[in-house]
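Asker: predicted model follows, preceded by the sequence.
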Amino acid sequence: KQEVTQIPAALSVPEGENLVLNCSFTDSAIYNLQWFRQDPGKGLTSLLLIQSSQREQTSGRLNASLDKSSGRSTLYIAASQPGDSATYLCAAGSGNTGKLIFGQGTTLQVKP
Amino acid sequence: DVKVTQSSRYLVKRTGEKVFLECVQDMDHENMFWYRQDPGLGLRLIYFSYDVKMKEKGDIPEGYSVSREKKERFSLILESASTNQTSMYLCASSSTRAGSNQPQHFGDGTRLSIL
């Protein structure tokens, strides 16, 4: 059974710092890997999706990588800003129905 | 932009009531999902549907049922609400194009309290 883990559970950094969020999964036979952002009391916003045949995806200051052999994905945030403060969740896709298995998330605080 | 709309942001019901949570998406997505989110437990999949009238159980289907009569609408039903079903409920939708899954798009959630 697929399990997704995100460490650390919480992270606090000063504004301007580059940072990496980690995600690990137990079953390398994933369909894709997705990263989401969640603001307090809100739904999830999709940030990046990496298909199983891809190694990375980039959007603005965000870069996500995927290494299926080691069961890891990272989300790199460049030049962090206070507006980046949120909970970041990764999710492993299984099968072609779009079903996702979520990690517990990393809550990021960027201090001005 | 994809829009996933959940019928209520906040809902208060009593134990034993039958509760309906509605979700509508406007992008003709094949796949729709219902999750619940609880502190310390994360997001857990209740049910999902990959086509009209099709449904599959997720990880925690007990006490819930679903209905998908039209492609754009996916309803979650609590047959007899209990206090342990107090939670944040999130609906999502996605499409499958050219054999690969596209990102899931989420609604803003319904915070349901069962008294």
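Answerer: Arrived safely, thanks for sending.
Asker: hey, where'd the strands end up in chain A?
Answerer: A:4-5, A:10-14, A:19-25, A:32-38, A:44-51, A:56-59, A:62-67, A:72-77, A:86-94, A:99-102, A:106-111 (DSSP state E).
Asker: and residue B:60, which of those strands is closest to it?
Answerer: strand A:99-102 (12.9 Å; Cβ to Cβ). Bear in mind the C-beta positions are built from the backbone N, C-alpha and C, glycine included.
Asker: which residues touch that closest one?
Answerer: A:2-4, A:25, A:34, A:89-94, B:33, B:42-43, B:45, B:48, B:58, B:104 (Cβ atoms under 8 Å, 6 or more residues apart in numbering or on different chains).
Asker: from these, list just the buried residues.
Answerer: A:4, A:25, A:34, A:89-94, B:33, B:42-43, B:45, B:48, B:58, B:104 (16 or more other Cβ atoms under 10 Å in any protein chain shown).
Asker: and of those residues, the nearest to residue A:112?
Answerer: Distance to residue A:112, by Cβ to Cβ, is smallest for residue A:89 among these, at 24.4 Å.
Asker: report the separation between that closest one and chain B.
Answerer: 7 Å (Cβ to the nearest Cβ, to the nearest Å).
Asker: list the contacts of that residue.
Answerer: Contacts of residue A:89 (Cβ under 8 Å, 6+ apart): A:6, A:35-38, A:44, A:102-105, B:42-43.
Asker: hmm, try it at 7 Å
Answerer: A:36, A:38, A:44, A:102-103, A:105 (Cβ atoms under 7 Å, 6 or more residues apart in numbering or on different chains).
Asker: got a markdown table for these, with neighbour count too?
Answerer: A markdown table is the format used below for those (neighbours: other Cβ atoms under 10 Å in any protein chain shown):
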| residue | neighbour count |
| --- | --- |
| A:36 | 26 |
| A:38 | 20 |
| A:44 | 29 |
| A:102 | 20 |
| A:103 | 25 |
| A:105 | 23 |
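Asker: hmm, back to that, check the buried ones among the contacts of strand A:99-102 for the minimum pLDDT and say which it is.
Answerer: Among the buried ones among the contacts of strand A:99-102, residue A:94 carries the weakest pLDDT, at 79.
Asker: and the strands of chain A, which one averages the lowest pLDDT?
Answerer: strand A:99-102 (a mean of 90).
Asker: run the chain-centre distance for that one.
Answerer: How far strand A:99-102 lies from its chain's middle: 13 Å, per Cα atoms, centre = their mean, to the nearest Å.
Asker: starting from that strand, tell me which strands it pairs with and how they run.
Answerer: When pairs are called by DSSP bridges, strand A:99-102 turns out to pair with strand A:86-94 (antiparallel).
Asker: list the residues that contact residue B:89.
Answerer: Neighbours of residue B:89 in contact, by Cβ under 7 Å, 6+ apart: B:21, B:34, B:36, B:76, B:109-110, B:112.
Asker: mind listing the residues bridging to it?
Answerer: Beta-bridge partners, per DSSP bridges, of residue B:89: residue B:36, residue B:110.
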